[in-house]
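1. Build me a model:
(4 chains)
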2 protein chains.
Amino acid sequence: MSPEGERILVVDDEPFIADLLAAALRFEGFQVEVAGSGREALQVATPGRYDLVMLDVMMPDLEGTEVCRRLRESGVAVPVVFLTARDSTEDKVYGLGMADDYVTKPFSLEELVARVRAVLRRAGYESPDAAELRYADLVMSVDTHEVWRDGRSIELTATEFRVLQYLLEHPRRVVPKSEILDHVWDYSFEGDASIVETYISYIRKKLDESGGPPLIHTVRGVGYSLRVPKE
Amino acid sequence: MSPEGERILVVDDEPFIADLLAAALRFEGFQVEVAGSGREALQVATPGRYDLVMLDVMMPDLEGTEVCRRLRESGVAVPVVFLTARDSTEDKVYGLGMADDYVTKPFSLEELVARVRAVLRRAGYESPDAAELRYADLVMSVDTHEVWRDGRSIELTATEFRVLQYLLEHPRRVVPKSEILDHVWDYSFEGDASIVETYISYIRKKLDESGGPPLIHTVRGVGYSLRVPKE
DNA sequence: GGACAACGACCAGGATCCGCACGGCGTGCG
DNA sequence: CGCACGCCGTGCGGATCCTGGTCGTTGTCC
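-> As a prediction, this is how the structure comes out:
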């Protein structure tokens, strides 16, 4: 990784989304610039200037797909990640042809950052992750979506998986419920953090029914912590 | 860290909150300026002038989020920390998008300062802390919320932990009860400082039951001091 | 040295908050 | 149509927080 982080251009006409993307990516150490329209993107995206472009598909002046086509035409070979609405099947089809990946709105920060890193990795910017998270006798393969405890496979739903993944990325640290909510749930979720309690309870049940000491600990008034019990 | 401390702009229309923030941050060695409205903030916050901006979300003239958006638009890339009401989900959503962090009202000064330092650290202004506090045979890990005395683990509740943390941040100094109250309890707490005596008593009991000399000493009429007894 | 006042330690009880389990409802998919 | 999954509301039980009071200790003044 370059010392300053890769340069990413975010292209979206909705300021809220553009800011959300920019902030999340800056937080992860990337250099981010924002363009508010397709035409603006075409002006600033000269060859070699960015390492990745995030393109909203739906924009009033120029469709994201069209922006991408013109970039390619003018010799800009930068990897592109599309942003599309969830049920827009057509977008998806077109997008996948040109795009290196796409993220559907509304997205969660975990999802967004994971996609960006994956694309940069394939493009050779980042060292390949182990793509395997481990703590104590827990093993998680992010790529294959599998989890084992002490060699025994554990089936998790998508949300359960993301919550556990977030905990595994911060082993031993006490993670506030609000932080889990912010990273795992998408930005349009309006409920409160009690949903996190529910999922922690699901995960605990599945982790512990295969024996072994409890790994997820409640720190009342603070959050949850993944750790091996003290004695 | 610059010799004079980082420059922070506090933006809040409520004088009480603005003064509270300014005083606490000045006490911590930052240079603080105050703006009483969103428009005022936009006028003074020129590129490079501040190292961090604290923005109240709810302001009569301009929403904090809008102020942030306009700052970004005009090329001011300063880190922003939002102040929001506790249950304001919508604020949180917007806040998380643009902000580097957010603090919910009512906050305690400990919490506030911790967030500010964390954001400045990520922005490269401050050296990373050890996140581990030590004095004599006491060890506290802030991240994992664990405390040991002479290697033996000690269980503290959330409030007990914050009080001891404050003492560990000021070892040997006699800390007035009112100061502990101001830093650990949030600013809307209406009780008096006798609550501190109660918590000191809880902590003493837990620290000393595992043997060893008493570490928290009462200085009558002044406050408490964390130190090893003289002989 | 003794009496008194101020201060602080500690306890006990009640109010509150928090964590958690359970069940229901809506939705998407086979 | 049935099932799996995600989301949300409710209610219980218990940990935690705070208050008020009592008792002991310290310092001060006579």
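2. what helix or strand is the residue in chain A positioned nearest to DNA strand C on?
-> Residue nearest to DNA strand C within chain A (Cβ to the nearest atom of the strand): residue A:201, separated by 2.9 Å. Heads up, the C-betas are built off the backbone N, CA and C, glycines and all. Using DSSP states H and E, residue A:201 sits in helix A:194-208.
3. Then residue A:66?
-> Applying DSSP H and E as the criterion places residue A:66 in helix A:64-73.
4. quick one: contacts of that helix?
-> If you take Cβ atoms under 8 Å, 6 or more residues apart in numbering or on different chains as the criterion, helix A:64-73 is touched by A:11, A:38, A:41-42, A:45, A:53, A:55-59, A:78, A:80, A:82-83, A:91, A:94-95, A:98-99.
5. picking that back up, for residue A:159, see how far away the residue of chain A closest to DNA strand C is.
-> From residue A:201 over to residue A:159 the distance is 13 Å, taken as Cβ to Cβ, to the nearest Å.
6. Which of the two has more residues huddled nearby?
-> Using other Cβ atoms under 10 Å in any protein chain shown, the more surrounded residue of residue A:201 and residue A:159 is residue A:159, with 16 against 11.
7. Name the nearest residue to the residue nearest the centre of chain A, ignoring sequence neighbours.
-> In chain A, the centroid-proximal residue (Cα atoms, centre = their mean) is residue A:111; its distance is 2.2 Å. The shortest distance from residue A:111 to any non-neighbouring residue, by Cβ to Cβ, 6 or more residues apart in numbering or on different chains, is to residue A:103 (6.4 Å).
8. Tell me which other helices or strands the helix or strand encompassing the one you found touches.
-> Assessed by DSSP H and E, residue A:103 sits inside strand A:101-105. When contacts are defined as 3 or more Cβ pairs under 8 Å, 6 or more residues apart in numbering or on different chains; DSSP states H and E, strand A:101-105 sits against strand A:80-85, helix A:89-98, helix A:109-122.
9. helix, strand or coil for residue A:78?
-> Here residue A:78 is recorded as coil under DSSP: H, G, I helix; E, B strand; the rest coil.
10. Kindly tell me how buried it is, as a neighbour count.
-> Residue A:78 has 21 neighbouring residues, counting by other Cβ under 10 Å.
11. do residue A:43 as well
-> By other Cβ under 10 Å, the residues close to residue A:43 number 10.
12. And it, how far from residue A:74?
-> For residue A:43 relative to residue A:74 (Cβ to Cβ), the value is 11 Å.
13. And for residue A:134?
-> For residue A:134, the distance to residue A:74 - Cβ to Cβ - is 45 Å.
14. What of residue A:212?
-> Counting by Cβ to Cβ, the gap from residue A:212 to residue A:74 is 57 Å.
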